[in-house]
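Enquirer: Here you go, sequence then predicted model.
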There are 2 protein chains.
Amino acid sequence: MTDRSADIDRIMDPDSVAIVGASTDETKRGYQAIKTLQKGGYEGEIYPVNPSAEEIRGLEVYPTVSAIPGRVDLALIVTPAPIVPQILEDCADTDLAGAVVVAVGFGEAGEDGQALEDEIVRLANEHGVRLVGPNTSGMINVHQGLNLVGADTVPEGNLALLCQSGNMAISLFTEAATRDGVGFSHYVGVGNEADLQFHEYLSFFDADPQTDAVVCYVEGMSDGRAFLEQAREVTTDTPIAVLKSGRSDVGKRSASSHTGSLAGDAAVTDAVLEQAGVVSVERSDELLSVASALSSLPSADGDNVAILADGGGHATLAADALAERGLSVPQLTEETQAKLKAVLPDAASVVNPVDVAGGTDDDQSVFVDCAAAIIADPNVDALVLSGLFGGYGIRFADQYTEVEIEAAHDLADLADEHGKPLVVQSAYEGFDTEPHAVLRENGVPVVESLDVATASLEALATYGERVAAADESSDFLLTGDTDATETITDLLSRGRTQLSELESKRVLSDANLPITPFELATSPDEARDLAAAFDGPVAMKIVSPDIVHKSDASGVALGVDADEAGDTYDDLLAAARDYDLDAQLDGVLVSPMADAGVELIVGVVDDEQFGPVVMCGLGGVFVEVLEDVAFRALPLTEADARSLLSDIDAQELLEGARGNPPVDHDAVVELLVAVSEFVEDNPSVSELDLNPVFATEDGVEVVDAAITLDTDPAVPVDSELVASGGTTDD
Amino acid sequence: MTDRSADIDRIMDPDSVAIVGASTDETKRGYQAIKTLQKGGYEGEIYPVNPSAEEIRGLEVYPTVSAIPGRVDLALIVTPAPIVPQILEDCADTDLAGAVVVAVGFGEAGEDGQALEDEIVRLANEHGVRLVGPNTSGMINVHQGLNLVGADTVPEGNLALLCQSGNMAISLFTEAATRDGVGFSHYVGVGNEADLQFHEYLSFFDADPQTDAVVCYVEGMSDGRAFLEQAREVTTDTPIAVLKSGRSDVGKRSASSHTGSLAGDAAVTDAVLEQAGVVSVERSDELLSVASALSSLPSADGDNVAILADGGGHATLAADALAERGLSVPQLTEETQAKLKAVLPDAASVVNPVDVAGGTDDDQSVFVDCAAAIIADPNVDALVLSGLFGGYGIRFADQYTEVEIEAAHDLADLADEHGKPLVVQSAYEGFDTEPHAVLRENGVPVVESLDVATASLEALATYGERVAAADESSDFLLTGDTDATETITDLLSRGRTQLSELESKRVLSDANLPITPFELATSPDEARDLAAAFDGPVAMKIVSPDIVHKSDASGVALGVDADEAGDTYDDLLAAARDYDLDAQLDGVLVSPMADAGVELIVGVVDDEQFGPVVMCGLGGVFVEVLEDVAFRALPLTEADARSLLSDIDAQELLEGARGNPPVDHDAVVELLVAVSEFVEDNPSVSELDLNPVFATEDGVEVVDAAITLDTDPAVPVDSELVASGGTTDD
């Protein structure tokens, strides 16, 4: 095996390329690929491979890859799928680093295709060749002129694109082509991810001097957890923006009210990507602008955005758009306001949003004076300039263009000097004006849409927050390989997987989670004694490995006084017997009634893309009807837990709505971290459900618990599910 | 007074225009306005008015408007504010229909400005002149070449723009200028709405053959209710799209600090505009596209949208985007699927979304075959074609352009034939290709953004739904002028305005609302007898005009048995006495305990823009924390009430979540209509609060009620508030 990261360097930045399936037929991809490389100015060696041709476009043709005299870094294989194995066999003794397999008919095409895919992966591994695809539109190194896709010209720039749809790649290329200052360094159609997966390209892009941000279009990741691990490392230097599609399908699945089915939700994806420092983008029409802003601007140190507008309409709309995205529009300091007053007319608004109210009509350098005052304000983390800037020369008088060009330089310098992001929204964006060109050349994005401008600012704030928190966040590494809790080993040895409440609580108590005290009564007398010992009314629940839903079996009695506990014991057993004549009845669980506070639900689910994920939300209707739950991938740090808690929508209930005191946040955080540690330390636990958990001002208590064990826990991600999900480059 | 609608015709489509404040100075607006008219090809008479000039740009100058020999339809007044009154005075004996007052320094500039504004309105009324503005960037009749703004060239088209921000108008003009097939018939900067208000322009646009849709940018309407009335009439023929800013708190602050307008509650605005058939748009970057789609496409008969994509990426993203907006992506019929299978490769997906999977690569007429099958499907109300269409000639081979042009004609014909909206999203939108031009010429929108395409489809579905429901919806006319309920007249005569629970319930019972039975006990014995008569535990509440919050005074007891009712009576009185020694205590209200079902809150609020509005939501945390409430303007029809109910987010609770039966929707609807009728019939009622209302499967019961009376109820909208809100054209 050769060094894998060196292999990826050779694949992404190859000195020589073999075109396997090269053709003399000008309509074939095997011809066009060569033509595109030559026309693109690719300076490496090009080796056409075809057993039955001698020369193509002036190049010598080789019968096989192994017959090529020089070292070949990368092969583009454009043959049909069935021929790919023999091509890889032929590479056994070559030093080929990688192969881009374009053909369809692999994993995405059913069982036979999957067998063929498994076969080429096996061969590739055996011969030390890494595979891109199969089922990919190809890859492009834009700066090198290495275009293995044959797409329209790809605008050169600083974005690396990882894409699971060829047409989406074309969309992004064409969008960039119509906009100045946005372009690409690399494109990889990851295809079926049979060998090389999304995360494996990240380190290369992180190190690549021509790449300043990574853009991903993802339908499904075959190893989401590895992506999190890798992204966390990369995003401290190189921002990553992800558009994850298939949101509605998983949304539908998550709508089924049961907790377990919340796994795989778009909400999980958004949450864990953010945890890893990745910026999630929901709209395809915002992806490129957001990525471009991330690539050229510093991140924001907070979410306080100032608006500088040359009209009340834009000022108001900008404020609305920022608020809609959860950003703040803070008041400016007295000092800043005084500076603004000094340069603006009386009618101007010098709070935030700042409306120059005609103050720039005759002299656009006033924008610079205003921006200088605002961007120096300690209350301000980022600035959006909104309205007509860059169009005054068109709108009013030609001579203003020169003033605006000067102002554009000054604005870019200001942003640079203060290290705060500046985004310019202009109605004249579509007119390709010189002031806009100056801004873009100096890394200041100019966009037509106020909503896209605010999306960019939101991304910069999110990214800034995540980078700042990176040290305190999860590394996504799961260390446990054998179960740390003996009770679990015991239970597994007895074949128990769906643990009863009693079993679950015993396991969790052993792990020191804050479980409401409980005892097993096996007779009416014992029940009475236990209830009396708990001093106060108790909760009593039937214990049976055969009864999963205790309420359905009338197996729960709440607020039982000690003197009724014996009778209640008999009633519960009788009801359970009524419900299921053959059920094994182990007795009745007796617990003191918990202090009802705010009802929470805490769980761990095994997400099919990202592995184990902690879920927490408000209980009852909030989870069942409103799905107000939040997620973080294991292992949770304290910061992750706190951030998770802050993602719950109905924060007011945690803060003490309706006259209640706030719940003990530290205790909830501690519980979440303990749950994470417990599951990490016990890889057999595939599912955990604490419902309800009562949180009060004094702490938390877990009132009911259910654990599901997996007898084959070696791989935290359900690999079968993943393997069945083929992905396609259109 | 002349005929007002004839006046507006003369203003919007004038045969002659006076430029008051005309100037020989080329830098002045009084010069530029004339130049713009001449260059724009305006064919009417142009009369410069200036007491100290003789000729401007070849035109004779008149000293005053009254000195002009011919009839003048419209005057553009570009003088400073203080001179406007004398200009209007001079028009006393002319037949001037209207004047556009550009100057600032009126209502938006404080008290003195407001006085000046009141003065010009008085003079204008007196002399039969309607005012546009003041504080407006002007108006434009694009087809007539009548540009009184002097903006950049405005693209000609079929959209009429009513706008409360000059810069927003420029933004929309420049956006349209960079996009084929989108343009304007008229622009009016409504300014301060001192005389002519938003709604007064609508009838003109409805009748105008050059206008197919109206676009509004609104910060605050001075007569929102009149807009609803008028919009309801107009929208049956002419769609209206509104972007309402000032949605957020900070946006509201911005609107009021810069313009003084009352932005109002965004949720109320959205709801009542929709009730009137108006399409609300939330993003400024979607306004023009949505309005354009509304102007050129038929409305959709339902929300079932088919997706025809040439790639899996776009298919998936389109499905996500439609689902996100609440549109359906229905299965196609077997017949449609069979037709699709016949023309597409095996790898294609023929359910919805349809992915042609390469089936159009060599022959784009296959799009037509697919679209023909899909658009004829009875399950389909609208179609979005997504991907690369119109770009095959660029992407693959030149000769495809001809095929695409032919296909574009066929696609437009198909949509036309079936009367279903078709929107085309293409990555090549920015390349101005011929196939796209053909689509646009035939009324099919082509957009770059999938999100904008789906926004347009959502608008067409919403609009279609509203047009279909128009006959069953409110006419927004409030008929009551004196209170119909005697109890209210009595209470008012006694100076009562904040009615107690007992008073409120008496009033509402008289109006036959479903109030939980109640009786007033004035002694312990009476309380006991009443409780016994109600047969079952009762609720008891203190009755005092001096105690508004009964719970704070420990003035409520629930679930009281008859034999405890006497003691409870004494306890409640003692507690009330404790709470407020001087409170007048009238006794205790005794009611049977209501069947707790789903807790609702129903109310009527007097919205500052739209007047009385019914509000309904789920009670408790749902209203207090989640603000899950919905609104409709009075008077509510049954259809309005049903629609209101369906706007509540947590529908599952009404449908019977958590094992409960569904609530009696008819009873809730009946209550909402009754509440609306009650308030309409009693204009003194300025606020009504029924909280809680319990809804069960058997009906509804109002458990608590509070009414606020207004002693001066003549005008349902608070006219003082409105008068203080000047608006500004930037």
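Expert: Good, I have the coordinates. Numbers count the residues shown, from 1 in each chain, chains lettered A, B, ... in the order given.

Enquirer: low-confidence ranges in the stretch 151-300 of chain A?
Expert: The stretch 151-300 of chain A contains residues with pLDDT under 70 at A:151-152, A:249-264.

Enquirer: interface residues of it facing chain B?
Expert: Residues of the stretch 151-300 of chain A lying close to chain B (C-beta under 8 Å from any C-beta of the partner chain) are A:151-152, A:163-168, A:170-171, A:174-175, A:177-178, A:217, A:219, A:243, A:245-249, A:251, A:282-285. All C-beta spots, glycine's among them, are computed from the backbone N, C-alpha and C.

Enquirer: Check the stretch 401-550 of chain A too.
Expert: A:427, A:428, A:430, A:431, A:448, A:449, A:450, A:451, A:452.

Enquirer: Spell out the residue ranges of the strands in the stretch 301-450 of chain A.
Expert: Along the stretch 301-450 of chain A, counting by DSSP state E, counting those that start in this stretch, strands occupy A:305-309, A:354-355, A:382-387, A:422-426, A:446-447.

Enquirer: Then the stretch 601-730 of chain A?
Expert: A:611-618, A:629-633, A:685-696, A:699-702, A:705-709.

Enquirer: With respect to residue B:568, which of those lies nearest?
Expert: strand A:685-696 (30.5 Å; C-beta to C-beta).

Enquirer: For chain A, give me the ranges with low pLDDT.
Expert: Using pLDDT under 70, the flagged stretches of chain A are A:1-5, A:151-152, A:249-264, A:658, A:712-730.

Enquirer: what's the closest non-adjacent residue to the spatially most central residue of it?
Expert: When C-alpha atoms, centre = their mean is applied to chain A, the residue found nearest the centroid is residue A:273 (2.4 Å). Spatial nearest neighbour of residue A:273, chain neighbours left out: residue A:280 (5.2 Å); criterion: C-beta to C-beta, 6 or more residues apart in numbering or on different chains.

Enquirer: which helices and strands does the strand or helix carrying that neighbour pack with?
Expert: In the assignment (DSSP states H and E), residue A:280 maps to strand A:279-281. If contacts are counted by 3 or more C-beta pairs under 8 Å, 6 or more residues apart in numbering or on different chains; DSSP states H and E, strand A:279-281 sits against strand A:240-244, helix A:266-275, helix A:284-296, helix A:450-469.

Enquirer: So for residue A:551, which of those sits nearest?
Expert: helix A:266-275 (27.8 Å).

Enquirer: Can you list the neighbours in contact with that closest one?
Expert: With contact meaning C-beta atoms under 8 Å, 6 or more residues apart in numbering or on different chains, helix A:266-275 is reached by A:224, A:228, A:231, A:242, A:244, A:246-247, A:250-251, A:254, A:262, A:279-280, A:462, A:466, A:473-474, A:607, A:609-610, A:613, A:627, A:629-633, A:640, A:643-644, A:647.

Enquirer: Export it to CSV, keeping only CA atoms.
Expert: Backbone C-alpha positions of helix A:266-275 (Å, rounded to 0.1, in the frame of the first residue of the first chain) are rendered in CSV as follows:
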residue,chain,number,x,y,z
ALA,A,266,-32.6,16.7,7.8
ALA,A,267,-32.5,18.3,11.3
VAL,A,268,-29.9,15.7,12.3
THR,A,269,-27.8,16.4,9.3
ASP,A,270,-28.0,20.2,9.8
ALA,A,271,-27.1,19.9,13.5
VAL,A,272,-24.2,17.5,13.2
LEU,A,273,-22.7,19.4,10.2
GLU,A,274,-22.9,22.6,12.2
GLN,A,275,-21.3,20.8,15.1
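
Enquirer: what separates it from the chain centre, distance-wise?
Expert: Put simply, helix A:266-275 sits 5 Å off its chain's centre (C-alpha atoms, centre = their mean, to the nearest Å).

Enquirer: contacting residues for residue A:290?
Expert: A:241, A:279, A:281, A:452, A:455, A:456, A:459 are the contacts of residue A:290 under C-beta under 8 Å, 6+ apart.

Enquirer: Tell me the buried residues in stretch A:393-413?
Expert: For stretch A:393-413, burial by neighbour count (16 or more other C-beta atoms under 10 Å in any protein chain shown) applies to A:393-396, A:400-401, A:403-405, A:407-412.

Enquirer: Was I right to think residue A:170 contacts residue B:388?
Expert: Yes - with contact defined as C-beta atoms under 8 Å, residue A:170 reaches residue B:388; the gap is 6.4 Å.

Enquirer: shared neighbours of these two, which are they?
Expert: Shared contacts of residue A:170 and residue B:388, defined by C-beta under 8 Å, 6+ apart, comprise B:395, B:427.

Enquirer: In the stretch 1-150 of chain A, what residue lies closest to chain B?
Expert: For the stretch 1-150 of chain A, the residue closest to chain B is residue A:104, as judged by C-beta to the nearest C-beta, at 7.3 Å.

Enquirer: The closest residue to that residue other than its chain neighbours: what secondary structure?
Expert: Nearest residue to residue A:104, sequence neighbours excluded (C-beta to C-beta, 6+ apart): residue A:135, at 5.0 Å. Classification of residue A:135 by DSSP: H, G, I helix; E, B strand; the rest coil places it in coil.

Enquirer: I'd guessed residue A:135 sits against residue A:193; true?
Expert: No - between residue A:135 and residue A:193 there is no contact under C-beta under 8 Å: 9.6 Å.

Enquirer: Show me which of the two is the more surrounded one.
Expert: Each of residue A:135 and residue A:193 has its neighbours counted (other C-beta atoms under 10 Å in any protein chain shown); residue A:135 has more, 29 against 25.

Enquirer: Shouldn't residue A:565 be within a helix?
Expert: Yes - checked against three-state DSSP, residue A:565 lies within a helix.

Enquirer: Nearest residue to it in space, ignoring adjacent ones along the chain?
Expert: Sequence neighbours aside, residue A:531 is the residue nearest to residue A:565 in space, at 3.8 Å (criterion: C-beta to C-beta, 6+ apart).

Enquirer: Which strand or helix spans that neighbour?
Expert: Per DSSP H and E: helix A:524-534 holds residue A:531.

Enquirer: Could you name the helices and strands sitting against that helix?
Expert: Using 3+ C-beta pairs under 8 Å, 6+ apart: helix A:524-534 touches strand A:519-521, strand A:538-543, helix A:565-579, strand A:587-592.

Enquirer: Give me the angle between the third one and strand A:538-543.
Expert: This means helix A:565-579. Interaxial angle, helix A:565-579 versus strand A:538-543 (axes from the mean of the first three to the mean of the last three C-alpha atoms, to 10 degrees): 30 degrees.

Enquirer: Packing partners of helix A:565-579?
Expert: Looks like helix A:565-579 contacts helix A:524-534, strand A:538-543, strand A:556-560, strand A:587-592 (3+ C-beta pairs under 8 Å, 6+ apart).

Enquirer: could you redo the last one with a cut-off of 7 Å?
Expert: Applying 3 or more C-beta pairs under 7 Å, 6 or more residues apart in numbering or on different chains; DSSP states H and E, we find helix A:565-579 packed against helix A:524-534, strand A:538-543, strand A:556-560.
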